[in-house]
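J.: sequence unknown, structure follows:
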């Protein structure tokens, strides 16, 4: 009886701690603080088609529907223009400040929490180099990013603006190394801030097993998500974001139930591969809406996927060390049970928030 009481207490404490932490985790973390910019440079002007979280211009959202309507834009155009002009600064050599204009734009990225604007900058002389400083980030969101596609003549490159990397100096021939490093970092950060992906990986490792078996599971997941990430990024597979995010939550629920039931794991290799296909579609949600040539997207895709694999490897190593360091076999079973129970609840909450709550 005493052993069962300790076992239950351990499970409940784990459940409460992890669940409380999850309440502060946005269910749709992939898009919560993400902006997308399509930047075109030509002769004496630069144009930015910008899609940003509407929360950044909440003062103009009079009806609080997380969308800036045409009427709201007209009423607050001067204030929105001042904000965007101050926070997105373009400098052309020694030329003075550009002539700036702003218009409301149709969204190229369909997100119910975002609004789109068209920014235009004009100078008197032809542009040879262009410095862009993007500082339109929420003050409390460390994971905020702006994914930018820069088109300049026949050169197309993708860049990532972040609070710690807000500026780039652009030339007509953009260095590919800049793009590679940006998306490598983005991939590493995405696997760590995409809490559902990280939680799924931990669930795969919880039952333990031989090292060869663990490596096979992780490899199957990596191969599967790499496959669908590539197909979805090139628009060869297209599924609604809400459906993909809901399926990812269900994958967490299913694996957690399997861990609790302690069923045979002989089939888990193929199960992991199947769920990896779904998670790959989730990774692709960030890249799919970037415009540009396939050659440019291929470089972004390769570096982004490499970053995901590096982040995934770090999670696997860290989780493996922690699980192996559990002091006693009896307590190890309790913690594994408690964590599986906690992730079952978290996955269920995410599924309700992503699939059911929007239609209620």
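T.: Alright, I've got the coordinates. Computed from a prediction, not measured in an experiment: that's the story for all the values here.

J.: alpha carbons only for contacts and neighbour counts from here, please
T.: Noted.

J.: the host helix or strand of residue 278 packs against which elements?
T.: Per DSSP states H and E, residue 278 falls inside helix 268-287. Using 3 or more CA pairs under 8 Å, 6 or more residues apart in numbering; DSSP states H and E, the elements in contact with helix 268-287 are helix 211-233, helix 241-261.

J.: between the ones you listed, which gets nearest to residue 269?
T.: helix 211-233 (5.3 Å; CA to CA).

J.: centre of the chain to the closest one, how far?
T.: 18 Å (CA atoms, centre = their mean, to the nearest Å).

J.: which helices and strands does it pack with?
T.: helix 195-205, helix 268-287, helix 294-324.

J.: do that again at 7 Å, thanks
T.: For helix 211-233, the elements it packs on are helix 268-287, judged by 3 or more CA pairs under 7 Å, 6 or more residues apart in numbering; DSSP states H and E.

J.: list of residues touching the helix it packs on?
T.: Helix 268-287 is contacted by residues 216-217, 220-222, 224-226, 228-229, 232-233, 244-245, 248, 251 when judged by CA atoms under 7 Å, 6 or more residues apart in numbering.

J.: go ahead and build a ChimeraX selection from the buried members of these.
T.: Selection of buried members from those for ChimeraX, criterion 16 or more other CA atoms under 10 Å:
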select :217,220,221,222,224,225,226,228,229,232,233,244,245,248,251
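
J.: closest to residue 176 among the contacts of helix 268-287?
T.: So of the contacts of helix 268-287, ranked by how close each gets to residue 176 (CA to CA), first place is residue 233, at 19.0 Å.

J.: I'd say residue 310 and residue 188 touch.
T.: Yes - checked against CA atoms under 7 Å, the pair residue 310 and residue 188 is within contact range at 6.4 Å.

J.: when these two are compared, which one has more neighbours?
T.: Taking neighbours as other CA atoms under 10 Å, residue 310 and residue 188 compare with residue 188 leading, 22 against 16.

J.: what angle do whichever strand or helix holds the more buried one and helix 294-324 make?
T.: Assigned by DSSP H and E, residue 188 belongs to helix 176-193. Put simply, helix 176-193 runs at 40 degrees to helix 294-324, going by axes from the mean of the first three to the mean of the last three CA atoms, to 10 degrees.

J.: for residue 80, what are its contacts?
T.: Listed by CA under 7 Å, 6+ apart, the contact partners of residue 80 are residue 57.

J.: check which residues of the helix or strand where it lies are buried.
T.: Under the criterion of DSSP H and E, residue 80 resides in helix 70-87. Neighbour-count burial for helix 70-87 flags 73, 76, 77, 80, 81, 84, 85 (criterion: 16+ other CA under 10 Å).

J.: residue 125 reaches residue 44, doesn't it?
T.: Yes - using CA under 7 Å as the test, residue 125 is close enough to residue 44 to be in contact (5.7 Å).

J.: neighbour count for those two, which is higher?
T.: The residue with more neighbours, out of residue 125 and residue 44, is residue 44; 15 against 12, by other CA under 10 Å.

J.: where in the stretch 51-200 of the chain is pLDDT low?
T.: Within the stretch 51-200 of the chain, the stretches with pLDDT under 70 are 107-110, 141-142, 173-175.

J.: which parts of stretch 114-129 are buried?
T.: By 16+ other CA under 10 Å, the buried positions in stretch 114-129 come out as 114, 115, 116, 117, 118, 119, 120, 121, 122, 123, 127.

J.: same thing with stretch 147-163?
T.: Applying a neighbour-count criterion of 16+ other CA under 10 Å, the buried positions in stretch 147-163 are 147-152, 156-163.

J.: let's see which of the residues you listed end up in helices.
T.: Judged by DSSP state H, helices contain none of these.

J.: make TSV out of the residues you listed and add distance to residue 257.
T.: Shown next, in TSV, are these (distance: CA to CA, whole Å):
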residue	distance to residue 257
147	37
148	40
149	42
150	46
151	48
152	51
156	46
157	44
158	41
159	40
160	38
161	40
162	38
163	39
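
J.: pull the most distant pair out of those.
T.: Farthest pair in those (CA to CA) is 152 and 163. Separation: 24.5 Å.
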